[in-house]
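> Model the following, please.
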Amino acid sequence: MNLQSQLESGLESLDIPVKPDQIDALLGYLSLLDKWNKSFNLTAIRDANKMLAYHLLDSLSIWRWIPPHARALDVGSGAGLPGIPLAVVLPQTQWKLLDSNGKKTRFMQQALAVCEIKNATVVKSRIEDYHAGQPFDIVVSRAYTSLTAFVQSVAHVMQPETLVMAMKTGLENEESSLDINRYELQECDLKIPGLFEPRKLITVKQN
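The predicted structure follows:
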């Protein structure tokens, strides 16, 4: 099965409605990531088929939690994960892709240009130094840091209704260090097509 067939099968499994141009954009992003990765070591995964499951489909698995027209911040976006794939399949959302590594932000800028993704912009900054003009509806991170450190680091870009989303391999008792009087925490198992390792989404909202 070629990459396009694998992608289409994965999107169907995740129940994501897409148009042909969105499939083209996702494949274009994957091709560019594979190309840049040979020179710049953006990800430890070298095989494009594995990238499809571990990066694209893994990122897309949380699409249902993101409301239409949301303003979303991807913290420690790295190669644009999960923000770029989500921006492609959710074109009415607006994304800021935040990373302090110049090599990675250059790749993201190139990916947005090549794949003609208009609803995302790249910001080269540490989250501690980043100040948005207005709070975000969604703040998401994929394997960025501990849950508690993540929530603390993004407090200044949140509003009371902001949903913080941490994509993890497990919770590892991190919830015990969050103030349960201040935050409501929920955990959901994610099923990623082609990936049989445990994945979880932890969502945090202010009480």
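
> For the chain, which segments count as strands?
71-75, 94-99, 120-124, 138-142, 163-168, 183-192, 195-206 (DSSP state E).

> of the ones you listed, which approaches residue 82 most closely?
strand 138-142 (5.3 Å; CB to CB). For every residue, glycine as well, the C-beta is placed using N, CA and C.

> what phi and what psi does the backbone show at the residue nearest in space to the middle of the chain?
Among the residues of the chain, the one closest to the centroid is residue 82, at 1.8 Å (CA atoms, centre = their mean). Per-residue torsions, residue 82: phi -90, psi 0 (degrees, to the nearest 10).

> Surely it and residue 59 touch.
Yes: between residue 82 and residue 59 a contact is recorded at 3.3 Å, counting by CB atoms under 8 Å.

> residues shared between the contacts of these two?
residue 142 (CB atoms under 8 Å, 6 or more residues apart in numbering).

> Can I get the helix or strand of the chain with the lowest mean pLDDT in PDB, CA atoms only?
Within the chain, confidence by mean pLDDT, DSSP states H and E is lowest for helix 48-51 among all helices and strands, at a mean of 88. Output of helix 48-51 as PDB, limited to C-alpha atoms (Å, rounded to 0.1, in the frame of the first residue of the first chain):
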ATOM      1  CA  ALA A  48       8.300   7.900   5.600                       C
ATOM      2  CA  ASN A  49       5.800   5.100   6.300                       C
ATOM      3  CA  LYS A  50       6.500   5.400  10.000                       C
ATOM      4  CA  MET A  51       6.300   9.200   9.800                       C
END
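
> Same question for that helix: list its buried residues.
For helix 48-51, a neighbour-count test (16 or more other CB atoms under 10 Å) marks 48, 51 as buried.

> what residues are up against the closest residue to residue 181 other than its chain neighbours?
What sits nearest to residue 181 in space, not counting adjacent residues and going by CB to CB, 6 or more residues apart in numbering, is residue 207, at 6.8 Å. The contact partners of residue 207, by CB under 8 Å, 6+ apart, come to 181, 182, 183, 184.

> Quick one: neighbours of the last one, just the number.
Spelled out, that is residue 184. Look at residue 184: counted by other CB atoms under 10 Å, it has 11 neighbours.

> Verify the stated contact: it with residue 204.
Yes: counting by CB under 8 Å, residue 184 touches residue 204, with 7.1 Å between them.

> Quick one: neighbours of the nearest residue to residue 70 once chain neighbours are set aside, just the number.
Closest residue to residue 70 apart from its sequence neighbours, by CB to CB, 6+ apart: residue 137 at 4.2 Å. Using other CB under 10 Å, the number of residues around residue 137 comes to 19.

> My read is that residue 137 contacts residue 163, right?
Yes: with contacts counted by CB under 8 Å, residue 137 reaches residue 163, the gap being 7.0 Å.

> Within its local environment, how many residues does the nearest residue to residue 74 once chain neighbours are set aside see?
Sequence neighbours aside, residue 83 is the residue nearest to residue 74 in space, at 3.3 Å (criterion: CB to CB, 6+ apart). If you count neighbours by other CB under 10 Å, residue 83 ends up with 30.
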